[in-house]
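S.K.: Pasting a predicted model and its sequence here:
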Amino acid sequence: MGEKSKYYVNEQAVRLIAFVVVILTGVLLYTRLEWVGLFMAVDFFLRAFTTIKSPLAILAKVILDKIQVVPKPIFALPKRFAAALGFVFSTAITVLFHFGLFTAAYAVGGILIFCAVLESVFKVCLGCYVYNGVVAPVLLKSKREKQ
């Protein structure tokens, strides 16, 4: 992936991370341990808004290297947008639990699990569809208007 690696991510790693997100969200919803939600929020934040490797990205790379899975580079911006949505969702779950709004936390958690299962099992990224269908066209239109 080389020089352009910041514009690409490994689809295999993304899917493995999504699987771990399913597990972590399940743990969060079952235990209500706020630190699990905080960990998830920090991890999503790092993947969405920085170039720092997140703990889950590091874990995925180690596992995929160990089992010798061939990387499959895909365009990163939709995945980063999806990670930003994951940041919002995991933060919301944690805040809702903190304030005792359990039903709302379970609802948001269910949506996050649904989205992560779609990604990990079926390679369907709902956040990517939103990015490609709404965000990217708006950004392109804005860029054209400035020229």
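M.R.: Now that the structure is in, tell me what you want to look at.
S.K.: biggest helix in this structure by residues?
M.R.: When the chain is parsed with DSSP state H, its longest helix is helix 76-98.
S.K.: contacting residues around the most centrally placed residue in the chain?
M.R.: By C-alpha atoms, centre = their mean, the mean C-alpha position of the chain lies nearest to residue 83, the distance being 3.2 Å. When the contact criterion is C-beta atoms under 8 Å, 6 or more residues apart in numbering, the partners of residue 83 are 44, 47, 48, 127. Yep, even glycine has a C-beta here, placed from its N, CA and C like the rest.
S.K.: close enough to count as contact, the second one and residue 82?
M.R.: No. With the criterion set as C-beta atoms under 8 Å, residue 47 and residue 82 do not qualify as a contacting pair; they are 9.2 Å apart.
S.K.: so where's the chain shaky on pLDDT?
M.R.: Within the chain, the ranges that satisfy pLDDT under 70 run 1-5.
S.K.: What are the boundaries of the strands in it?
M.R.: Taking DSSP state E as the criterion, the chain carries its strands at 8-10, 73-75.
S.K.: For residue 18, which of these is the nearest?
M.R.: Put simply, out of the strands of the chain the one that sits nearest residue 18 is strand 8-10, at 12.0 Å, with distance taken as C-beta to C-beta.
S.K.: Within its sheet, name the partner strands of that closest one and how each one runs.
M.R.: Next to strand 8-10 in the sheet, as set by DSSP bridges, lie strand 73-75 (antiparallel).
S.K.: List the buried residues for the partner strand?
M.R.: Neighbour-count burial for strand 73-75, counted by 16 or more other C-beta atoms under 10 Å, picks out residue 74.
S.K.: what does stretch 21-28 give?
M.R.: By neighbour count with 16+ other C-beta under 10 Å, stretch 21-28 contains the buried residues 21, 22, 24, 25, 28.
S.K.: same question, stretch 63-82
M.R.: Buried residues in stretch 63-82, counted by 16+ other C-beta under 10 Å: 64, 74, 76, 77, 78, 79, 80, 81, 82.
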